[in-house]
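Student: Sequence first, then the predicted structure:
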Amino acid sequence: MQLHQQASSQSQSFRTSEGPRTPHEPRFNSPDNSIQRGDCSISLCRIVLFPDDPSNIRSKDDGKALIVTILRQTYKQNQFSVSKFLYIKVVSLLVSICDIAGVDGSARLTQYIYLIDSLPFFLVPSTLAMSDTEQDLLVALDATIEAHELEKVLAVFDSAAKEAKQTGDFLSYSTILDMYLSEPERFRFEERDQLLGHLLKILEKDHALVYEIGWDLPALLLPFLESDYQFNGSLREAPCVYRVLKLFEVLARHGNPKELFLKSTELLSTLLEKDATTDDAYRQKKFYDVKLYCLFELIDSCLRRIHTLYPSRFLGMTVASFINSLYVNPIHSVDEMDFRWKRVYSFARNYHRPPLPEKIEISPEELEKINEDEDFLQRKLLTGFVTEAVSMATKNALIGYSTDLFNHILRLYKTAPLNNFSIELPVLDRLYELALSFDIDITGTFKRFLSDSRSLIDALELEGDFDDDKHGHLFEKLLVSYQKDVATALVANDAKTVQDSIAGILILFTHSVGPSRNLKKVRVTIEDAVALTLRLVVPGMVHDSYVHHTLGDIAVFWSWYSVVQGSTEKLNLALEISKIPKLLLQAYFQALLFILISSRTMPNLRFVTLTLLTKLLAYAPEDTSYDFLMDSFKNCPYENLKTALVGVFKELTTKEKADVDCLTTKLSESSIESSGGPPPLPKRNSSKKTSFITLTESRVDELLDIIQQSTERTLVAIDKATKINEESFSTLVALLNLLILLKARNLVTKEDVTNVTAQVRKKVQNVEENLHQDESGATAVNFAGILNVTLDRLSA
């Protein structure tokens with residue numbers, strides 16, 4: 001070890017203060033070797049170098065006791081400025097040296113202490129950083145510290161508390177707690193509970209001690225909340241949780257409120273789920289929730305005890321720390337939303353302005369002006385807090401408004417719902433009511449957003465055929481608008497205003513409509529829904545950071561809402577859609593497609609969105625729908641999505657308009673509020689039956705080209721052998737099955753079918769001939785078998 005080498009190399013040059021001082025020897029500014037503040041190095045070795053009786057060091061325990069005493073005395077006598085972290089390292093280092101010294105190592109101990117005193121990380125200037133070698137030295141020496149028995153630790157807590165009370169040396173007690181509580185894993189769970197229980201008794205009896213050292217305890221106590229608990233019962237049964245909660249209660253009542261507040265907000269901002277020692281993601285989240293609860297309740301309690309003229313400063317820090325915590329710990333489930341929102345609701349609803357200082361040295365007029373400004377700022381911070389928390393908590397998770405509405409529509413028309421999904425979030429109901437009590441104009445904000453969205457999209461400049469420049473200009477405007485109005489921070493970029501979250505308000509308004517089935521609360525046309533969807537979804541197509549899953553969900557919700565509302569008002573959906581410029585409509589379809597792409601792990605939203613896309617493509621102008629689908633087949637990079645779009649294309653080319661017109665009639669003749677009786681059956685042969693997309697000869701040729709391209713992507717020639725590309729396999733099978741249906745309806749010629757069959761079968765045969773060389777083995781056999789069965793059906 002380098003320490004041993006340095007010690008032995010310098011042992012010959014070691015001299016007492018009577019002789020010449022070596023270059024590394026500590027400086028002494030007086031004949032009696034007293035230590036002076038301001039000396040270039042903090043000499044901890046005066047007493048150790050010349051102990052009254054070195055022979056007293058007979059054991060490791062004697063050495064430890066001596067060194068700790070020396071360190072305390074030196075600290076108290078000289079008041080030198082060192083960080084708490086460095087102070088702990090000094091203690092650990094000296095204790096380790098005593099272990100090295102052994103029973104008869106007084107002389108070696110003297111040399112080690114001399115060497116330690118000259119190391120640069122004990123110098124006064126705090127800006128001097130440790131070298132890598134010195135850091136390695138500390139790590140190595142830390143590893144030699146012995147684990148203390150629980151009884152001894154408890155005794156140390158007691159004796160140190162008494163000494164701190166007598167001497168006023170509270171930093172020493174804080175250091176001792178750091179030493180013994182910083183590594184909970186050193187103790188069994190039962191021992192941890194005893195340790196915390198003993199500390200609780202000490203602190204309950206000594207409020208002065210709590211006031212002085214309380215700020216240091218939250219960071220030490222939080223790791224004790226973690227255990228092997230599986231969260232399959234009451235949280236009270238989890239090891240140490242009750243003790244930690246009681247300790248936090250003592251801190252909240254008797255700690256220094258300002259110091260505890262600052263420390264707790266700092267901890268909350270940096271608290272991470274992944275910091276938990278367990279690898280179980282579920283338990284990581286649960287432990288995080290408990291830690292969040294402890295910290296946020298402590299912050300709330302401390303905030304009430306801080307006397308200040310400017311409470312908005314402390315409220316702003318509280319809000320910022322919680323929002324930062326939401327940012328660094330994304331939410332992925334409704335259960336997580338529920339827990340976080342309960343904290344938000346409880347805090348915002350029960351918030352009261354902290355007390356004023358006991359002594360106010362300003363005039364009553366100035367005080368009144370300050371109070372008015374502070375009341376306004378606090379209100380804005382609370383409204384911003386509530387709306388931003390709603391937005392951030394739903395960025396990566398869904399509440400499911402579109403699925404809930406879709407199920408409701410299906411039930412109304414005696415159709416089996418998609419599933420039993422329904423929205424039950426009482427806490428969001430309360431947040432909506434709380435926002436109203438804060439005078440947030442939720443309905444007005446939603447209506448203005450719709451109006452602004454329509455104004456943003458100038459239909460006149462989008463008239464005509466598709467144009468890349470027009471398309472790019474539209475996307476640019478939507479992105480700039482999103483950055484300015486939706487993707488806002490709690491505090492504006494100019495740091496002069498506090499803003500409510502538009503996204504949060506949109507979600508709150510949607511919540512007031514969806515679960516309550518209040519489908520007449522506001523009028524939304526299909527044009528409104530298109531504009532709203534483009535404004536909320538297109539920015540996410542440009543940059544991943546703007547993807548907000550719940551905003552995509554409410555875009556689908558309001559699209560379905562507009563369709564249903566239009567039906568009840570007996571509006572012609574096809575006519576309403578035809579009023580929308582083609583470029584705008586194609587961009588809208590692309591936005592719905594993007595929602596499908598970005599919600600791969602959200603099957604309900606995917607199904608509802610795909611159903612909406614199919615319905616709107618059916619009612620859109622035929623050329624617009626056909627061009628959109630062909631463009632998607634050619635350019636969409638997601639094969640699983642292409643497979644779904646083949647199904648949409650099949651519906652539009654084989655289903656007849658009368659079938660969907662019948663559904664429209666049902667919607668218009670039925671009440672949206674109640675199911676009533678079953679809708680009347682349509683008359684037979686009541687309308688001319690035509691498909692939504694007519695397959696002309698040129699369109700069939702284009703479809704055959706797409707099948708050929710899919711064949712080449714799926715059955716790939718590599719070194720004279722054909723391999724199967726699993727990613728595009730499902731798309732090829734879907735296209736071949738579509739061809740079977742088109743053949744049965746005489747929409748394609750036998751010659752076309754024969755050519756496709758021959759081309760694909762030849763490649764499949766090549767795959768089968770090289771199966772013995774194919775590492776995929778059984779998978780390739782299965783894929784080849786599926787293709788052969790499909791080709792047999794196609795050629796039958």
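Tutor: Yep, that arrived. Numbering: from 1, shown residues only.
Student: Can you pull the domain assignment for the chain?
Tutor: Following automatic domain parsing, one gets these domains for the chain: 2-142, 401-669, 697-795.
Student: Ranked by average pLDDT, which of those falls at the bottom?
Tutor: Among those, domain 2-142 carries the lowest mean pLDDT, a mean of 42.
Student: For E212, the count of nearby residues, please.
Tutor: 20 (other Cβ atoms under 10 Å). (Glycine included, C-beta is placed from N, CA and C.)
Student: Please tell me how far it sits from A164.
Tutor: Relative to A164, E212 is positioned 8 Å away (Cβ to Cβ, to the nearest Å).
Student: repeat for T568
Tutor: From T568 to A164 the distance is 75 Å (Cβ to Cβ).
Student: Neighbour count: those two, which is higher?
Tutor: More neighbours surround A164 than the other of T568 and A164, with 21 against 16 (other Cβ under 10 Å).
Student: Need the three-state assignment for the more buried one.
Tutor: helix (DSSP: H, G, I helix; E, B strand; the rest coil).
Student: Pull out the buried positions in the helix or strand hosting L295.
Tutor: Using DSSP states H and E, L295 falls within helix 281-305. Neighbour-count burial for helix 281-305, counted by 16 or more other Cβ atoms under 10 Å, picks out 283-303, 305.
Student: Next: stretch 417-424.
Tutor: L418, I423.
Student: Between the two ends of that stretch, how far is it?
Tutor: 17 Å (Cα to Cα, to the nearest Å).
Student: Distance from that stretch to the middle of the chain?
Tutor: 26 Å (Cα atoms, centre = their mean, to the nearest Å).
Student: What lies in contact with it?
Tutor: For stretch 417-424, the external contacting residues (Cβ atoms under 8 Å, 6 or more residues apart in numbering) are 399-401, 403-404, 406-407, 410-411, 511, 514-515, 604, 607-608.
Student: now do stretch 572-580
Tutor: 459, 525-527, 530, 563, 566-567, 585, 588, 616, 619-621, 664.
Student: what do you get for stretch 367-381?
Tutor: Contacts for stretch 367-381 (Cβ under 8 Å, 6+ apart): 309-312, 315-316, 319, 351, 353, 360, 362, 438, 490, 498, 500.
Student: Those: which two are farthest apart?
Tutor: I360 and D500 (31.9 Å; Cβ to Cβ).
Student: Between the two, which is the more surrounded one?
Tutor: Ranked by neighbour count (other Cβ under 10 Å), I360 and D500 place D500 first, with 23 against 12.
Student: Nearest the middle, which residue of this protein would you pick?
Tutor: P330 (1.1 Å; Cα atoms, centre = their mean).
Student: quick one, what contacts it?
Tutor: P330 touches K395, N396, counting by Cβ under 8 Å, 6+ apart.
Student: That one belongs to a helix, doesn't it?
Tutor: No. Assessed by three-state DSSP, P330 does not belong to a helix; its assignment is coil.
Student: Can you read off the pLDDT for it?
Tutor: So P330 comes in at 94 (pLDDT).
Student: Next, it: phi, psi?
Tutor: phi -60, psi 150 (degrees, to the nearest 10).
Student: any chance you could map the strands in this protein?
Tutor: Assigned by DSSP state E, the strands in the chain fall at 715-718, 721-724.
Student: so which of the ones you listed is the most packed in?
Tutor: strand 721-724 (a mean of 19; mean count of other Cβ atoms under 10 Å).
Student: That strand packs against which elements?
Tutor: Judged by 3 or more Cβ pairs under 8 Å, 6 or more residues apart in numbering; DSSP states H and E, the packing partners of strand 721-724 are strand 715-718, helix 750-769, helix 778-795.
Student: Quick check: which of those is nearest to Y180?
Tutor: helix 778-795 (58.0 Å).
Student: residues of the closest one that come out buried?
Tutor: A780, F783, A784, I786, L787, T790, L791, L794.
Student: Quick one: the residues you listed as TSV, columns for distance to D275 too.
Tutor: Shown next, in TSV, are those (distance: Cβ to Cβ, whole Å):
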residue	distance to D275
A780	45
F783	45
A784	50
I786	48
L787	51
T790	52
L791	56
L794	58
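Student: How far away from the center of its chain is the longest helix belonging to the chain?
Tutor: Looking across the chain with DSSP state H, the single longest helix is helix 364-393. Taking Cα atoms, centre = their mean, one finds helix 364-393 lying 26 Å from the centre of the chain it belongs to.
Student: What average pLDDT does that helix get?
Tutor: pLDDT averaged over helix 364-393 gives 96.
Student: in that helix, what's buried?
Tutor: Buried residues in helix 364-393 (16+ other Cβ under 10 Å): 374, 377-378, 380-393.
Student: go on, stretch 632-648?
Tutor: Quick answer for stretch 632-648 (16+ other Cβ under 10 Å): S632, F633, C636, Y638, E639, L641, K642, T643, A644, L645, V646, V648.
Student: Quick check: chain neighbours aside, which residue is closest to the second one?
Tutor: Nearest residue to F633, sequence neighbours excluded (Cβ to Cβ, 6 or more residues apart in numbering): I706, at 4.9 Å.
Student: distance of the one you found from N746?
Tutor: 20 Å.
Student: Once you drop chain neighbours, what's closest to D300?
Tutor: F347 (5.8 Å).
Student: now M602
Tutor: L398 (5.8 Å).
Student: tell me the contacts of that neighbour?
Tutor: V334, H549, T550, D553, S599, M602, N604, L605.
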